[in-house]
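Asker: pasting the structure only:
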């Protein structure tokens, strides 16, 4: 295509934000926070946030006080069979110098260069944890996407290494870009925490899981480990599972029924975002024993609240928590049960882990995330 490359036109960067009309959290939250931070940091480029037409202007992720960032309505839904062709036709008239795809799959054409973010490769390592549609979509496009991209952002060094090992991507084509934590996650006054806990009808002491109820999160292993702790430790903290239902969640509920956990198990579905900081603050420890995570927001959010963490020793999670919490093998129920026991009984560990996590969480800011992304944009523009 014939693009205007004269120096008189400011570089134009598109960011695919269509997923924000369909989901909250995860990639949608990453996109929202990235656009907001770039709007503050960079006035030298024009930004176009590609938002789906079903998203009302009042829900736009474009900051109201950023004239160099504007909303562009598109009609191609995310994850559609003909998405790569349909979106390309929609954006081609926009003459984008870069299109950034936070959900990693770029259109076939329509921009001069492409930047993609790859959050994880779960669909390659654990296809059994994916729905048939998700598996078809991600596995069907990942190889073309990494070839087409001028540069790839990876949420962690673990994801970078996976891209190199599984897909043969050159190391020079990848930049590790750790994510940030929202400022609302912070230590809170005990009375504020108690008020939320009372409203949600939660006990005074509890272990906390935050995330989607699906097999990849290893909730079956967590429930089994929790059942063992209840036997070995009378008066053990309860277990709160906060999140939303994913796929194959029925198996998880059946597991809980079979273990007869009764009133010691609390399901808090679709918890309001405004309650999450208090939910973390009230926990004995945050537990995330996933088999695979591309980044893992819950441990970082818990750390920012000064709460100890128990997480898997796999993929990105050790990079997030460092040496501030307990790392366990998700296939070893005894290790997970031992970590729960220690968190419940060792007050000194809880204090040290909480303080170390709080200090470490300060390194993870959305401004730092956006600065790395902006540096990648500049390098891609310079190489055009």
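Answerer: Ah, there it is. Not measured: the values here are computed from a predicted model.

Asker: For the stretch 101-250 of the chain, just list every one of the helices.
Answerer: 122-125, 132-148, 157-167, 190-199, 219-232, 249-259 (DSSP state H, counting those that start in this stretch).

Asker: If we go by neighbour counts, what in the second one is buried?
Answerer: Put plainly, it is helix 132-148. 135, 137-138, 141-142, 145-146, 148 (16 or more other Cβ atoms under 10 Å). C-beta here means a position set from N, CA and C on the backbone, and glycine is covered the same way.

Asker: just the helices of the stretch 101-250 of the chain: most buried one?
Answerer: Between the helices of the stretch 101-250 of the chain, helix 219-232 has the highest mean count of neighbours, a mean of 20, where neighbours are mean count of other Cβ atoms under 10 Å.

Asker: Contacts for that one next, please.
Answerer: By Cβ atoms under 8 Å, 6 or more residues apart in numbering, the surrounding residues in contact with helix 219-232 are 207, 209, 213, 236, 239, 241, 251-252, 255-256, 259, 261, 264-265, 287, 289, 330-331, 333-334, 336-337, 340-341, 344.

Asker: Which one of the helices of the stretch 101-250 of the chain has the poorest average confidence?
Answerer: Looking at the helices of the stretch 101-250 of the chain, the lowest mean pLDDT belongs to helix 249-259 (a mean of 79).

Asker: how far does that one sit from the chain's center?
Answerer: The chain centroid and the centroid of helix 249-259 are separated by 25 Å under Cα atoms, centre = their mean, to the nearest Å.

Asker: Give me every residue in contact with it, excluding its own residues.
Answerer: 213-215, 219-220, 223-224, 227, 265.

Asker: Those residues into JSON lines, with extra columns for distance to residue 158?
Answerer: Formatted as JSON lines, those follow (distance: Cβ to Cβ, whole Å):
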{"residue": "213", "distance to residue 158": "24"}
{"residue": "214", "distance to residue 158": "20"}
{"residue": "215", "distance to residue 158": "20"}
{"residue": "219", "distance to residue 158": "22"}
{"residue": "220", "distance to residue 158": "23"}
{"residue": "223", "distance to residue 158": "26"}
{"residue": "224", "distance to residue 158": "26"}
{"residue": "227", "distance to residue 158": "30"}
{"residue": "265", "distance to residue 158": "31"}
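
Asker: buried subset of the contacts of helix 219-232?
Answerer: Buried among these (16+ other Cβ under 10 Å): 207, 209, 213, 236, 239, 241, 252, 255-256, 259, 261, 264-265, 287, 289, 330, 333, 336-337, 340-341, 344.

Asker: Touching, residue 187 and residue 357? I think so.
Answerer: No - the pair residue 187 and residue 357 does not pass the contact test of Cβ atoms under 8 Å, sitting 11.0 Å apart.

Asker: can you list the weak-confidence ranges in the protein?
Answerer: The model of the chain has pLDDT under 70 over residues 1-8, 247-249.

Asker: Give me the domain ranges for it.
Answerer: Per automatic domain parsing, the domain ranges recorded for the chain read 12-180+365-382, 190-361.

Asker: how close does residue 258 sit to residue 225?
Answerer: Separation of residue 258 from residue 225 (Cβ to Cβ, to the nearest Å): 15 Å.

Asker: Sorry, slip of the keys, the one I care about is residue 358.
Answerer: Going from residue 358 to residue 225 by Cβ to Cβ gives 26 Å.

Asker: Which ones among the contacts of helix 219-232 map onto strands?
Answerer: Those of those mapping onto strands are 207, 209, 213, 239, 241, 265, 287, per DSSP state E.

Asker: Closest one to residue 314 out of the residues you listed, please.
Answerer: Proximity of those to residue 314 (Cβ to Cβ) peaks at residue 287, which lies at 14.6 Å.

Asker: is it true that that closest one touches residue 208?
Answerer: Yes - between residue 287 and residue 208 there is a contact at 6.8 Å, judged by Cβ under 8 Å.

Asker: which ones are touching the nearest residue to residue 52 once chain neighbours are set aside?
Answerer: Ranked by Cβ to Cβ, 6 or more residues apart in numbering and with sequence neighbours excluded, the top spatial neighbour of residue 52 is residue 21, at 3.9 Å. By Cβ under 8 Å, 6+ apart, residue 21 lies in contact with 51-52, 54-55, 59.

Asker: Report the beta-bridge partners for the residue found closest to residue 265 once you drop the neighbours it is linked to in the chain.
Answerer: Sequence neighbours aside, residue 239 is the residue nearest to residue 265 in space, at 5.4 Å (criterion: Cβ to Cβ, 6+ apart). Residue 239 has the following beta-bridge partners by DSSP bridges: residue 207, residue 265.

Asker: Residue 239 and residue 218, how far apart?
Answerer: According to Cβ to Cβ, residue 239 stands 14 Å off from residue 218.

Asker: Residue 80: neighbour count?
Answerer: Neighbourhood size, residue 80 [other Cβ atoms under 10 Å]: 13.
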